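Undergrad: just the structure for this:
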Amino acid sequence: MRRPIFIIALALWPGLAHAGLTEEQIGHVGFDPPQGARVPLSLQFRAVSGDAVTLRDAIDGRPTLLLPADFTCKQICGPALTIASSALQQTGFIAGRDYSLVVVGIDPRDTIEDARRFTQGQIGGTGTSVLTGSQETVAALLGAIGYHTEIDDNHDAIAHPAAFVTLAPDGRVVRALSSLALQPGDLRLALLDASDGRIGGLSGRIALLCYGFDAVHGIYTRRITTVLQIFGASTVAIMAAFVGLMLVRSRRRGASA
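TA: Numbers count the residues shown, from 1 in each chain. Take a look at the predicted model:
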């Protein structure tokens with residue numbers, strides 16, 4: 001039986017008091033890469049430059065950190081990108097030489113401008129790709145890596161896992177990483193494993209969700225609260241405060257760019 005790594009819903013959703021998804025729908029959301037998972041390298045996306053780019057082009061023969069993100073997310077996607085960017089800088093590795101960074105939009109409705117705005121001031125340069133794609137292309141990628149989402153039409157939002165994945169140069173999924181538990185040392189080892197093609201860290205389901213938290217009032221929606229009962233109140237408060245700090249930092253970086 002697979003051991004759960006995280007079962008906690010955490011998001012920054014100012015002014016929202018009620019989640020629009022049922023408990024059953026929320027239960028479908030998670031990140032559970034199958035053994036032997038591999039991304040389809042021929043999938044074609046659109047870069048922020050407007051050029052057509054395949055995953056093979058974006059990976060470019062290097063170990064890769066793949067970040068699925070909602071480019072219009074106002075919850076933890078921004079802080080997660082800030083955490084990843086900071087961790088990468090502390091690995092001692094250089095993008096474009098030692099690794100590739102690929103950020104892929106999970107919402108086909110997001111535009112190139114949305115992608116540009118989301119990543120502004122945080123990432124860029126050689127070895128970094130920020131991609132948008134069609135519904136079919138995005139679904140093919142997420143399905144290949146076991147990344148499960150649910151659309152909340154009532155709030156024009158997507159409930160999705162807060163997780164990253166490292167890829168070997170040939171597209172094999174090497175390790176799944178929780179975006180809020182990302183440490184530079186762990187990321188360095190994950191990229192080294194990816195470089196060598198050593199598969200590991202796929203034995204558990206990550207279900208840390210970017211959904212259902214009202215940061216203004218500091219409360220979880222009723223449907224999410226039942227999922228949190230296995231955690232103490234102090235854990236919830238600490239994680240909420242941490243994500244709030246990261247959100248402020250990511251917005252400041254974007255504003256100063």
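Undergrad: residues contacting residue 41?
TA: Taking C-beta atoms under 8 Å, 6 or more residues apart in numbering, we find residue 41 in contact with 54, 55, 56, 59, 170, 171. (Glycine included, C-beta is placed from N, CA and C.)
Undergrad: which ones among these map onto helices?
TA: Counting by DSSP state H, the contacts of residue 41 place 55, 56, 59 in helices.
Undergrad: before we move on, the earlier item: need the contacts of residue 41 in JSON lines (columns: pLDDT, distance to residue 82 and neighbour count).
TA: Formatted as JSON lines, the contacts of residue 41 follow (pLDDT from 0 to 100; distance: C-beta to C-beta, whole Å; neighbours: other C-beta atoms under 10 Å):
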{"residue": "54", "pLDDT": "98", "distance to residue 82": "28", "neighbour count": "14"}
{"residue": "55", "pLDDT": "98", "distance to residue 82": "24", "neighbour count": "26"}
{"residue": "56", "pLDDT": "98", "distance to residue 82": "28", "neighbour count": "17"}
{"residue": "59", "pLDDT": "98", "distance to residue 82": "23", "neighbour count": "23"}
{"residue": "170", "pLDDT": "97", "distance to residue 82": "30", "neighbour count": "12"}
{"residue": "171", "pLDDT": "97", "distance to residue 82": "27", "neighbour count": "19"}
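Undergrad: for those residues, work out which two are farthest apart.
TA: Spatially, the most separated pair among the contacts of residue 41 is 54 and 170, at 13.7 Å (C-beta to C-beta).
Undergrad: could you export the ones in helices among the contacts of residue 41 as a markdown table, including distance to residue 115?
TA: Converted to a markdown table, these look like this (distance: C-beta to C-beta, whole Å):
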| residue | distance to residue 115 |
| --- | --- |
| 55 | 16 |
| 56 | 20 |
| 59 | 18 |
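Undergrad: return the member of those nearest to residue 109.
TA: Nearest to residue 109 out of the ones in helices among the contacts of residue 41 is residue 55 (C-beta to C-beta; 20.6 Å).
Undergrad: nothing else from me, thank you.
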